[in-house]
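> Okay, sequence plus prediction incoming.
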Amino acid sequence: MTIKESAVIGRDSISIETGNWAKQADGSVVYRSGNLVLLATVCATDDAKEGQDFFPLTCEYQEKLYSVGRIPGGYIKRESKPSEHEVLLSRIIDRPIRPLFPEGYFCEVQLIVQVLSSDKNTTIQGHALNAASAALSVSNIPFSGPIGGVRVGRVNGELIANPTIEELVNSDMDIVVAGLADSVVMIEGEAKELSNSELLDALKFAHQYIKEHINLQNALVKSAKVVKKEVKLRTRDEKLYKAVRDFSFDKMSAANKNTDKLKRSGEINQLVSATVEHFKSIPEFEGQSKEIKNFLHEIESEIVRDLIFKESIRADGRKLNEIRSISCELDVLPGAHGSAVFTRGQTQSLGVMTLGTVADGQRYENLQGQKEKVFMLHYNFPAFSVGEVKRSSGPGRREVGHGNLAERALRNVLPDFNTFPYVIRLVSEILESNGSSSMASVCSGSLAMMTGGVPIRAAVAGVAMGLITSKDKQFAILSDIAGLEDHFGDMDFKLAGTRKGVTAFQMDLKVVGVGIDVLEKVFKQAEEGRNHILDEMEKSISKSAADLSVTAPRITIKMIPKDRIGELIGPGGKNIRSIIEQSKADINIDDDGKVTVSSPDFESSKKAIDLIEGMFAEIEVGKIYEGTIKRIADFGAFVEILPGKEGLCHISKIDNKRVNSVRDIVKEGDKVRVKVIGVDRQGKIDLSRKDAMNDQE
């Protein structure tokens with residue numbers, strides 16, 4: 001039986017139905033808004049795998065190109081590997097729903113959201129979150145939802161829920177927010193240096209729509225008469241836990257006082273081994289090594305959190321708002337166009353910048369059609385950065401997500417492409433990691449661009465904020481969290497920006513929601529930390545270098561009339577090929593008349609520009625030009641005085657003396673000086689070598 005609920009939320013007419021499509025899934029909904037149709041399905045195993053000690057949730061977002069009536073481009077005509085966009089949206093769905101499953105639930109869950117029909121101008125992120133939540137809510141799987149999701153933009157100071165693609169082009173913010181009826185669960189987005197108060201207003205605005213989406217889902221759940229299945233949650237063995245705690249608590253407290261990550265880890269590993277060996281000798285607890293290790297992990301978490309609440313001191317000895325020591329190294333790679341190493345505590349990022357021409361842009365395809373990126377940031381996280389041995393493979397979801405966050409943080413301070421026509425690729429090589437390597441990537445990327453001469457509007461820095469909560473609703477906000485605090489804490493909120501305002505942010509929670517009042521304090525403390533980091537960066541470089549690296553290409557843009565593009569190209573590309581051959585520069589011509597000249601050096605670029613300008617220069621009667629003999633006839637020689645512009649030098653004007661044959665004086669390819677003695681109405685040019693010779697005398 002099909003069950004359907006509808007509502008008008010903001011500008012969107014939304015319907016959600018269940019019980020018709022994909023009925024063998026544990027939960028499925030068809031979500032519609034205008035031409036957008038999403039199918040969200042979820043399935044879960046009945047029992048957890050033996051020994052499973054983490055929640056195995058998989059979220060997949062998939063776009064089908066038939067949804068916009070298009071066949072995939074390229075050789076492969078079916079959807080295969082997820083695109084970067086699909087990976088990022090899968091992460092957006094995963095992060096807010098993961099904390100809402102019950103503790104001790106370890107059954108495998110797979111959630112899939114597919115775009116079956118789409119509108120090219122519709123943004124999907126908020127709708128996809130709602131569809132995913134609705135599928136879980138109508139299923140029999142335990143879930144503490146529903147949640148609501150919305151994308152927010154702002155055009156001319158007006159906040160817009162679920163803006164169109166066209167509106168986002170003119171928007172100064174792009175935020176995706178997910179939340180419960182009384183709190184926020186996840187935030188991700190970018191902004192053009194907006195203030196804390198402006199972003200908080202956007203969150204409050206988003207939360208109004210979130211509550212309406214939750215009401216719609218609750219109505220569907222009520223109509224469907226959903227009954228959640230009884231699941232056996234894994235509970236701990238209290239007797240074993242008490243024994244492990246009594247044996248290890250003091251030793252774990254002592255080990256955690258070591259402020260060096262590697263030494264602390266070494267001491268804790270020794271304690272774990274010693275504890276496991278101790279309990280092996282007790283028959284009652286034999287064969288429970290894995291449970292013992294898990295309990296030691298719980299005890300370590302308790303110690304770290306208690307130290308913060310009771311003494312306002314962190315595991316590495318810092319105060320709650322204290323930033324780790326910072327150092328910056330510039331121009332560390334002589335062969336690169338820009339490079340810098342940013343080190344904060346035991347997190348270190350090598351930022352490397354490469355400048356390219358328009359031909360180096362990243363081409364990709366999505367539901368809106370063929371696209372191209374002229375700015376890219378790629379994030380690499382090798383195993384050695386955390387002292388591990390691991391097989392090297394392609395970038396995973398984490399690497400893609402961290403790189404995208406850093407890219408968005410820096411994208412909003414780049415110069416306009418028309419004034420700085422370079423494709424920019426940044427690579428962040430993480431050399432060490434102990435918390436917030438994505439924000440270190442923002443800092444190293446900003447430094448690398450400044451050393452390389454990219455005229456960015458302002459330096460950008462990033463900081464990761466943490467949160468520790470207690471059962472009595474107390475909380476502590478941590479600036480610049482280390483890996484330990486990320487692992488044991490309740491929040492990882494990354495904020496990047498300039499002194500003027502925020503450019504990108506991403507919040508993940510391990511608890512069920514956080515209030516706007518708490519986020520306001522987080523924003524304020526993050527701003528203080530960000531400004532401190534910018535102070536340290538500016539000690540090394542305060543503004544972009546005046547010149548590009550000597551190894552960087554040179555790019556110049558020139559505009560020509562659109563109706564004269566064919567003149568520049570010439571018949572069969574004759575003219576443009578000639579310019580390229582003479583100058584050794586690459587030339588790209590756009591339909592709007594923009595001509596981009598790129599070359600490895602200044603001289604090559606200047607030669608190409610001079611040739612192009614010469615082609616469009618007006619021929620001046622009486623002016624002497626240096627030309628090239630292109631053809632010879634019995635009655636004279638045809639001379640190219642400017643690219644694509646030839647005139648006739650009659651045999652009588654070849655020389656001061658009588659000439660019997662033109663070839664007695666000149667031959668094809670010769671460079672000659674000629675004077676323009678006339679241009680008729682049809683544009684035919686009369687030239688005289690004789691007059692040019694006489695003028696020279």
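All right, it came through fine. All figures in this text were calculated on a predicted structure; none of them were measured in a lab. Numbering: from 1, shown residues only.
> residue ranges of the strands in the stretch 251-400 of the chain, please?
In the stretch 251-400 of the chain, strands defined by DSSP state E, counting those that start in this stretch lie at 326-330, 338-344, 347-356, 362-366, 369-373, 375-380, listed in chain order.
> Show me what counts as buried in the last one.
When burial is assessed from 16 or more other C-beta atoms under 10 Å, strand 375-380 yields the following buried residues: 375-380. Bear in mind the C-beta positions are built from the backbone N, C-alpha and C, glycine included.
> nearest to Glu103, of the strands of the stretch 251-400 of the chain?
Minimum separation from Glu103 across the strands of the stretch 251-400 of the chain (C-beta to C-beta) falls at strand 347-356, 30.0 Å.
> Now the closest one: average pLDDT?
The average pLDDT within strand 347-356 is 95.
> Gln114 should be in a helix, yeah?
No. Under DSSP: H, G, I helix; E, B strand; the rest coil, Gln114 falls outside any helix and is assigned strand.
> Same list (the buried residues of strand 375-380) but as a markdown table, adding distance to Thr551 and pLDDT.
Conversion of the buried residues of strand 375-380 to a markdown table gives the following (distance: C-beta to C-beta, whole Å; pLDDT from 0 to 100):
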| residue | distance to Thr551 | pLDDT |
| --- | --- | --- |
| Phe375 | 20 | 96 |
| Met376 | 19 | 96 |
| Leu377 | 20 | 96 |
| His378 | 20 | 96 |
| Tyr379 | 24 | 95 |
| Asn380 | 22 | 95 |
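> Name the nearest of the residues you listed relative to Lys280.
Taking C-beta to C-beta as the measure, Lys280 lies nearest Asn380 of the buried residues of strand 375-380, at 40.7 Å.
> so how far is Gly335 from the nearest residue to that closest one once chain neighbours are set aside?
With C-beta to C-beta, 6 or more residues apart in numbering as the measure, Glu429 is the residue that lies nearest to Asn380, at 5.3 Å, once sequence neighbours are left out. Remark: distance between Glu429 and Gly335 (C-beta to C-beta, to the nearest Å) = 15 Å.
> The two: who's more crowded?
Of the pair Glu429 and Gly335, Glu429 is the one with more neighbours under other C-beta atoms under 10 Å, namely 18 against 8.
> helix or strand right after whichever strand or helix holds that one?
According to DSSP states H and E, Glu429 maps onto strand 423-432. Downstream of strand 423-432, the first helix or strand assigned by DSSP H and E is helix 437-451.
> quick one: that following helix to chain centroid distance?
14 Å (C-alpha atoms, centre = their mean, to the nearest Å).
> And stretch 25-45, by the same measure?
Distance, centroid of stretch 25-45 to centroid of chain: 27 Å (C-alpha atoms, centre = their mean).
> now swap in stretch 504-521 and tell me
Worked out by C-alpha atoms, centre = their mean, stretch 504-521 lies 21 Å from the chain centre.
> Just the buried residues of it, please?
Buried residues in stretch 504-521 (16+ other C-beta under 10 Å): 504-509, 513-514, 518-519.
> Stretch 591-605 too?
Residues of stretch 591-605 classed as buried by neighbour count (16+ other C-beta under 10 Å): 594-599, 604-605.
> Also stretch 563-580?
Neighbour counts over stretch 563-580 (16+ other C-beta under 10 Å) mark 565, 568-570, 575-576, 578-580 as buried.
> what helix or strand is the residue sitting nearest the centre point of the chain on?
Centroid-nearest residue in the chain, with C-alpha atoms, centre = their mean: Asn404, separated by 2.3 Å. Secondary-structure assignment from DSSP H and E places Asn404 in helix 397-411.
> Give me the residues contacting that helix.
84, 87-88, 90-91, 188-190, 375-381, 395, 426, 428, 437-439, 441-442, 445-446, 449, 456, 460, 462, 494, 496-497, 503-504, 506 (C-beta atoms under 8 Å, 6 or more residues apart in numbering).
> average model confidence for it?
The pLDDT scores in helix 397-411 average 94.
> And stretch 219-228, by the same measure?
For stretch 219-228, mean pLDDT rounds to 93.
> what does that stretch rub up against?
For stretch 219-228, contacts defined as C-beta under 8 Å, 6+ apart pick out 3-5, 7, 16, 18-19, 29, 134, 137-143, 146.
> Same question for stretch 615-627.
560, 564, 567-568, 575, 579, 639-645, 647, 671-679, 685, 687, 692, 695.
> Could you give me the ChimeraX selection string for whichever of those residues are buried?
Per 16+ other C-beta under 10 Å, the buried members of the contacts of stretch 615-627 correspond to this ChimeraX selection:
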select :560,568,575,579,639,640,641,642,643,644,645,647,672,673,674,675,676,677,685,687,692
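> In helices only, show me the contacts of stretch 615-627.
Counted as lying in helices by DSSP state H, out of those, are 567-568, 575, 579, 692, 695.
> which of those lies closest to Phe523?
When the ones in helices among the contacts of stretch 615-627 are ranked by distance to Phe523 (C-beta to C-beta), Leu568 comes first, at 52.2 Å.
> That closest one and Asp590: what is the separation?
According to C-beta to C-beta, Leu568 stands 12 Å off from Asp590.
> burial measure for Glu399, as a count.
So Glu399, with other C-beta under 10 Å, has 18 neighbours.
> buried residues in stretch 442-460?
Under the neighbour-count criterion of 16+ other C-beta under 10 Å, stretch 442-460 has 442-456, 458-460 buried.
> What confidence value was assigned to Cys43?
Value listed for Cys43 in the pLDDT field: 97.
> Which strand residues bridge it?
Here Cys43 sits in beta bridges with Gln110, going by DSSP bridges.
> In this structure it contacts Ala25, no?
Yes. Counting by C-beta atoms under 8 Å, Cys43 does reach Ala25; the two are 5.4 Å apart.
> What are the phi and psi values at the residue in the chain sticking out farthest from the centre?
Using C-alpha atoms, centre = their mean, the residue of the chain lying farthest from its centre is Arg658. It sits 73.1 Å away. Dihedral pair for Arg658: phi -70, psi 130, per degrees, to the nearest 10.
> Distance check, it against Arg673.
Using C-beta to C-beta, Arg658 is found at 20 Å from Arg673.
> how far away is Leu100 from Pro146?
The gap separating Leu100 from Pro146 is 9 Å, by C-beta to C-beta.
> now Asp490
Separation of Asp490 from Pro146 (C-beta to C-beta): 22 Å.
> between these two, which one's more packed in?
Neighbour count, other C-beta under 10 Å: between Asp490 and Pro146, Pro146 has more, with 25 against 20.
> Spit out the contact partners of the more buried one.
133-134, 136-137, 213-214, 217-218, 221.
> and with 7 Å instead?
Taking C-beta atoms under 7 Å, 6 or more residues apart in numbering, we find Pro146 in contact with 133-134, 137, 214, 217-218.
> again with Phe247
Neighbour list for Phe247: 275, 278 [criterion: C-beta under 7 Å, 6+ apart].
> do that again at 8 Å, thanks
275, 278-279 are the contacts of Phe247 under C-beta under 8 Å, 6+ apart.
> for Asp480, same thing?
Counting by C-beta under 8 Å, 6+ apart, Asp480 touches 322-324, 344-345, 435-436, 463-465, 529.
> and if we set it to 10 Å?
By C-beta atoms under 10 Å, 6 or more residues apart in numbering, the contact set of Asp480 is 314, 318, 321-324, 326, 344-345, 347, 435-436, 439, 462-466, 526, 529-530, 532-533.
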